[in-house]
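Participant: Kindly return the folded structure for what I paste below:
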Amino acid sequence: MTTTARPSAARERILETAFALFYARGIRAVGVDLIIAESGVAKATFYKHFPAKDDLVVAYLDKVDGVWTGQLEAAAEAAGPDPADQLVGLFDALGTACRREGYRGCAFINAAAESQPGTAVHDRTVAHKTAVLGWVRGLAEQAGARDPEALARSLTLLLDGGLASGSLDASPDAPKAAKASAQALVDAATAA
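Facilitator: I've put the predicted structure just below:
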């Protein structure tokens, strides 16, 4: 019998604190000392769990990935069993995200902008975007798209643009416009 170790309460406090601070202020703007102070842990406890700040940033991105991917999948599933409908329905997650209090755009795009290519943080952002693209490509294949790769690329670019627009101009119409554009792309890609 295998047992999975539960993360310690201190580690979770550190991660929750980093989650809030990194997203609200940016990764470079938040120092380790602030995270230690806000999470109420000793410096030794912090470094026991996260030997370097990048280790914490990657853990933060793992947490964001779980939340955002879950929201995308839930929105797609809520659209019904048809993969073409799911490709459009996943854009409902965009509307929910952009209306959230304190919304600052895509955490992965933000992290990529603050990191250097080839670092663990940048690699984690690329891995997330690659995974979302792969998932959307799978739905496009199931929907019978003539060129699933092109459709998936177009839809993920549209999704990223919608995430950016929600932060830049905070237009409440952006998610609706993105969803309407997604519908047009899916219709064109799957038309007989």
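
Participant: and G95, what does it touch?
Facilitator: Residues counted as contacts of G95 (CB atoms under 8 Å, 6 or more residues apart in numbering) are 175-176, 179. To be clear about C-beta, it is placed using only N, CA and C from the backbone, and glycine gets the same treatment.

Participant: Give me the buried subset of the residues you listed.
Facilitator: 175, 179 (16 or more other CB atoms under 10 Å).

Participant: would CSV of the contacts of G95 with secondary structure be doable?
Facilitator: As requested, the contacts of G95 are exported to CSV (DSSP: H, G, I helix; E, B strand; the rest coil):
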residue, secondary structure
P175, helix
K176, helix
K179, helix
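
Participant: Tabulate the contacts of G95 in TSV, adding columns for distance to L157 and pLDDT.
Facilitator: Formatted as TSV, these follow (distance: CB to CB, whole Å; pLDDT from 0 to 100):
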residue	distance to L157	pLDDT
P175	15	88
K176	18	91
K179	14	96
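
Participant: For whichever helix or strand D54 is part of, buried residues please.
Facilitator: Following DSSP states H and E, one finds D54 within helix 53-78. By neighbour count with 16+ other CB under 10 Å, helix 53-78 contains the buried residues 53-54, 56-61, 64-65, 68, 71-72, 75-76.

Participant: again with stretch 79-88
Facilitator: 79, 83-88.

Participant: now swap in stretch 128-138 and tell me
Facilitator: Residues 128-129, 132-133, 135-137 are the ones in stretch 128-138 that count as buried (16+ other CB under 10 Å).

Participant: So which of those belong to helices?
Facilitator: Taking DSSP state H, the ones among the buried residues of stretch 128-138 that sit in helices are 128-129, 132-133, 135-137.

Participant: Ranking helices and strands of the chain by mean pLDDT, which lands last?
Facilitator: helix 92-98 (a mean of 88; mean pLDDT, DSSP states H and E).

Participant: ok, then the element right after that helix?
Facilitator: Following helix 92-98 in sequence order, the next helix or strand is helix 107-113 (DSSP H and E).

Participant: What average pLDDT does that next one get?
Facilitator: Averaging pLDDT along helix 107-113 yields 94.

Participant: ok, now stretch 54-67?
Facilitator: Here the average pLDDT along stretch 54-67 is 96.

Participant: same deal with stretch 75-89?
Facilitator: Mean predicted lDDT for stretch 75-89 stands at 98.

Participant: Contacts for that stretch next, please.
Facilitator: Contacts of stretch 75-89 (CB under 8 Å, 6+ apart): 90-93, 96, 136, 139-140, 142-144, 151, 155, 179, 182-183, 186, 190.

Participant: same thing but at 6 Å, please
Facilitator: By CB atoms under 6 Å, 6 or more residues apart in numbering, the surrounding residues in contact with stretch 75-89 are 90, 92-93, 139, 142-143, 182-183, 186, 190.

Participant: Most neighbours of all those, which one?
Facilitator: L90 (26 neighbours; other CB atoms under 10 Å).
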